[in-house]
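Asker: Got a predicted structure here, sequence first:
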Amino acid sequence: MSASNCLRCLVRPSAVTLAPRQILQAGAGAAGAGAAGATRTFTATASPNNQMSANRPQKLRFRKVKKKGITPQGKPPLPGERKAYRKKIVLSNNNALPVAGLETLRPNDLSKQKNVGTVMALPEDVVDALRATEAFKPTQCWGIFRQPSVLVRQETVDLIKKMDGAAADGKTLRLVVEGNRISGKSLMLLQAMTHAFMNDWVVLHIPEAQELTTACTEYSPLENSPLWSQPVYTLKLLQAFKKANEKVLSRMNTVYSHADLPQIIPINSPLIQLINSAKEADGAWAVFQALWRELNAENAGRPSILFTLDGLAHIMKMSDYRNPAFELIHSHDLALVKVFTDCLSGAHKMPNGGAVLAATTRGNSPRSASMELAIAQREAEAAKEEVIPQRDPYGKKYDDRVEAVMKSVEVLRLKGVSKAEARGLLEYWAASGALKKRVDEELVSEKWTLSGNGVVGEMERATLLTMKG
Amino acid sequence: MASSANALRLGLRTCSRQTQTPSLRIAAIQRRALSATATRCEGVPVPKKEEDAKLEFTRPYSPGEYLSEKLRSGDLEDWERERYERALSSWRQVPDNLKRSWSNMVNDIEESAAPLRRAVKPKRQTFWYEEEKDPDMITDEDGEDDFLENDITSLGHGKLEEHREFREYARIAVWEMPLLSKYAKPFVPPTSEEILRFRYTTYMGEFHPADRKVVVEFCPKDLRDLTEVQQRKLMKLAGPRYNPEKDIIKMSCEKFEHQAQNKRYLGDLIDKMIAAAKDPKDTFEDIPLDTRHHTFSKKITFPKEWLLTPERKKEIEAARQQALLKDAEKVVKGALVDGADVVKQYLASGAAEAMHAIPVMAGRGGKALPGGKGGKMQRGKR
């Protein structure tokens, strides 16, 4: 009896109250006889008034306790504001030191061999033009330095010389810039564009090929044609084109009459007026065609054209668009892409000379077996190797149209920069205050080796972005 | 259980040789070796009593008696009679002592077999045939498996058994294995004629479903009498059994019961393949070799250029000297850039302060604003 009572003392009070009343009363009665001390304490603590409430099981509360919420302060970001912040391009930083002895690029500087390994600043008007064409990318580290400047590489000089040579002969340089990740492919395009802007070329740039083929912009079929136009993108491209090339375009007048446009443009009216006639997306494609015809007019004193595209693999595959039969549309059936591929393949010849440059991308690029094969073949041909890579006979991913386009292009493979170039770059970084170290051969060698034999982006990572999250 | 033996005995009794109805003619009744039914004269007309008396055998009788009885009965064919007479005459020529011993033997057999033939009457009073003596079924179940503390445990027995096994193999290793050396043969590398390499599996005499498997490997280039085109055709015929990295065709067979059969099959198959490869009708030249089944492994080797040879060490040392010279030159010219110095100089020049000069509000005289740090607004927020 006493033992059980003692144990009862240890259990929860709510459980004790569930025990039969008689036991408790018997325990209370026995207390007088001095039987169980534990029982005595139990009865002593329970006063007659509390006895009723003690016998009742306790109520458990499951109600949620409301936390004091953090009241949002300030207004939430507007739609698109976050993306704009993410895509923001900052081209200068007042905290960076101005670099003493930094030269600004002049029209012929990029083709001079003596400039290899030096960093040179982009002229302001060119920066505006490049910004208009979206040549700068948010992943590039322009925001660390006071002024946007570029390193002149050996490959840059070679490319620019080729461009100049082709333009002088009235020919078109058709070239694909290939290379590993962050090896400076997009920047090579930027340098080519810089040269073109400085030398009064006309520059048409498609900054992200994936915007054309991943079905994120409107498309519509063209009348009497198997092609598809992308009116909204075309309008945007026209406006960017106008903004970037305003200086050159303002000197040009139309040589053809364009009757089928939304606005009648007579002969010898300014080319700017022709572009301005594309007020809405509906007529954008017709205006683009007219503009393209005007730019390619022979014997009208037209400047050379630089047509560039970044992210080549995206247009070397089936697009994500579908036709009414719900079949995928080939990228080359998109009218705007076709203009580029015709130029790249040489099917369309630019009478005033110029260059068609395409850069591959490695960050977010689909695999295009034919493109990779074509690049490998062109490289092997250029190196005059005995064995030219061939298609895997049982491979199913090849695309004849892609191979036809890339049958005769040149390939510029970007590798790491040389140590001399790396030294120029590191000295520029140190002079900007971004690298607080003595730039000697030892440091150059260290960074050059760390970056996989001078891959520029890796060098940037190893040197400048060590604290970046 | 005890009753089943008795039941069997009862069942057997019905088909024992002793007839229940001695008046029946033995020869006339078709008898089964074992039968559960009692003997009856079904389908046989019940013979008359006077005829039965003739062939009633109540006691052991000698062959002479039997034969003369038969001859006397008279209903025999001529050829039968002739045989009976011959047998009787030969019996009469048997010496007397033999005849006597034969009759003694017959008597003994009859006597010893008599209790078996005797019909056992079931005791109606017993319950579950308790009286039956069947020692096979009786066990002393109580305490039969008790451990009597006079032995080691089964675990101990197991350990001992293990030891015995170890010792057995140790004995074999010491005494018998050396004797195998006399069967050793020197290794003779296969000649250019022996191009097939077979692999067999043995499980040391144990039965195993895989011990019949035979694998053959050969290199198509070893087949000298094939032209290159024919060799390529052979590779294409082999399909996924061709390993392009090792240039080997590997085939196996386990569809027959014996190893030799499987090996024979593989040999025949290779002959067939070679014959097909030699067939000039279709050379398969238009079909590319399919290697989709094979994943080529990338072999990474240390580049020779990276080896630190004495010449290479010299080169590197020279390059380092050059680099030091270059740096020294730059130092002399004052063109060496030191990032830390550049920042220090810039800060010392005061250009930064000039650029980041903080505008002061007019009329305040540089005093802290009430809403600023430690001001009203911040206190209110806390």
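Answerer: Right, received. Where do you want to start?

Asker: Torsion angles phi and psi at residue A:258?
Answerer: Backbone torsions for residue A:258, taken as degrees, to the nearest 10, come to phi -120, psi 100.

Asker: Check the gap between it and chain B for me.
Answerer: 52 Å (CB to the nearest CB, to the nearest Å). Where you see a C-beta, it was placed from the backbone N, CA and C, and this is true even at glycine.

Asker: okay, now that residue: neighbour count?
Answerer: 22 (other CB atoms under 10 Å in any protein chain shown).

Asker: who are the neighbours in contact with it?
Answerer: Contacts for residue A:258 (CB atoms under 8 Å, 6 or more residues apart in numbering or on different chains) come out as A:264-265, A:274, A:290.

Asker: Please flag which of those sit within helices.
Answerer: Counting by DSSP state H, the contacts of residue A:258 place A:274, A:290 in helices.

Asker: ok, the contacts of residue A:258 vs residue A:80, which is closest?
Answerer: For the contacts of residue A:258, the residue nearest residue A:80 by CB to CB is residue A:274; the value is 30.8 Å.

Asker: How many neighbouring residues does the closest residue to residue A:179 other than its chain neighbours have?
Answerer: Residue nearest to residue A:179 in three dimensions, not counting chain neighbours: residue A:414, with 3.3 Å by CB to CB, 6 or more residues apart in numbering or on different chains. Residues near residue A:414, counting by other CB under 10 Å, number 21.

Asker: Just give me how far stretch A:330-347 sits from the chain centre.
Answerer: Stretch A:330-347 sits 22 Å away from the centroid of its parent chain (CA atoms, centre = their mean, to the nearest Å).

Asker: Could you do stretch A:238-247 as well?
Answerer: Remark: stretch A:238-247 is offset 22 Å from the chain centroid, using CA atoms, centre = their mean.

Asker: in that stretch, what's buried?
Answerer: Buried residues in stretch A:238-247, defined by neighbour count with 16 or more other CB atoms under 10 Å in any protein chain shown: A:238, A:240-242, A:244-245.

Asker: With stretch A:292-300 instead?
Answerer: So for stretch A:292-300, counting by 16+ other CB under 10 Å, buried means A:294-296.

Asker: Quick one: mean pLDDT over that stretch.
Answerer: Mean per-residue pLDDT for stretch A:292-300: 94.

Asker: Name the surrounding residues that touch it.
Answerer: Applying CB under 8 Å, 6+ apart, the set of residues contacting stretch A:292-300 is A:202, A:252, A:254-256, A:271, A:274, A:302, A:305, A:339, A:348, A:350-352.

Asker: For chain B, state which of the residues you listed is nearest.
Answerer: residue A:348 (35.5 Å; CB to the nearest CB).

Asker: Need the three-state assignment for that closest one.
Answerer: coil (DSSP: H, G, I helix; E, B strand; the rest coil).

Asker: count of residues packed around it?
Answerer: 17.

Asker: What parts of chain B come near chain A?
Answerer: Chain B has residues B:288, B:290, B:292, B:323-324, B:326-327, B:330, B:336-343, B:346, B:355-356 near chain A, with proximity defined as CB under 8 Å from any CB of the partner chain.

Asker: quick revisit: in terms of pLDDT, where does the residue nearest to residue A:179 sit?
Answerer: The model's pLDDT for residue A:414 equals 97.

Asker: Now for it: which residues touch it?
Answerer: A:155, A:177-180, A:183-185, A:188.

Asker: try residue A:303
Answerer: Contacts of residue A:303 (CB under 8 Å, 6+ apart): A:200-202, A:248, A:352.

Asker: Try it again at 6 Å.
Answerer: By CB atoms under 6 Å, 6 or more residues apart in numbering or on different chains, the contact list for residue A:303 reads A:200-202, A:248.

Asker: Identify, from the buried residues of stretch A:292-300, the entry nearest to residue A:362.
Answerer: residue A:295 (31.5 Å).

Asker: could you pull out the strands for the stretch 351-469 of chain A?
Answerer: Listed in chain order, the strands of the stretch 351-469 of chain A (DSSP state E, counting those that start in this stretch) span A:354-359, A:410-414.

Asker: Could you single out the most deeply buried of those strands?
Answerer: Ranked by mean neighbour count, the strands of the stretch 351-469 of chain A are led by strand A:354-359 with a mean of 28 (mean count of other CB atoms under 10 Å in any protein chain shown).

Asker: State the distance from the residue nearest to residue A:179 to chain B.
Answerer: 22 Å.

Asker: try residue A:239
Answerer: From residue A:239 to chain B the distance is 36 Å (CB to the nearest CB).

Asker: Check that residue and give its pLDDT.
Answerer: Residue A:239 is given a pLDDT of 97.

Asker: what's the answer for residue A:261, then?
Answerer: 89.

Asker: That one: neighbour count?
Answerer: Counted with other CB under 10 Å, residue A:261 comes out at 16.

Asker: List the residues that contact residue 102.
Answerer: In the absence of a named chain, this looks at chain A. residue A:121.

Asker: that's the other chain; I wanted chain B
Answerer: Contacts of residue B:102 (CB under 6 Å, 6+ apart): none.

Asker: That one: which element?
Answerer: In the assignment (DSSP states H and E), residue B:102 maps to helix B:96-117.

Asker: can you give me the offset of that helix from its chain's centre?
Answerer: With CA atoms, centre = their mean, you get 58 Å for helix B:96-117.

Asker: Show me the shaky parts of the stretch 101-250 of chain B.
Answerer: B:122-124, B:126, B:128-141, B:144 (pLDDT under 70).

Asker: Against residue B:321, how distant is the closest residue to chain A within it?
Answerer: For the stretch 101-250 of chain B and chain A, the shortest gap (CB to the nearest CB) falls at residue B:236, measuring 11.7 Å. Applying CB to CB, to the nearest Å, the value for residue B:236 to residue B:321 is 60 Å.

Asker: neighbour-wise, which of those two wins?
Answerer: residue B:236 (17 against 10).

Asker: which non-adjacent residue is nearest the more buried one?
Answerer: The nearest residue in space to residue B:236 (CB to CB, 6+ apart) is residue B:284, at 5.0 Å.

Asker: Helices of the stretch 201-350 of chain B, residue ranges please.
Answerer: B:228-238, B:259-278, B:310-333, B:339-349 (DSSP state H, counting those that start in this stretch).
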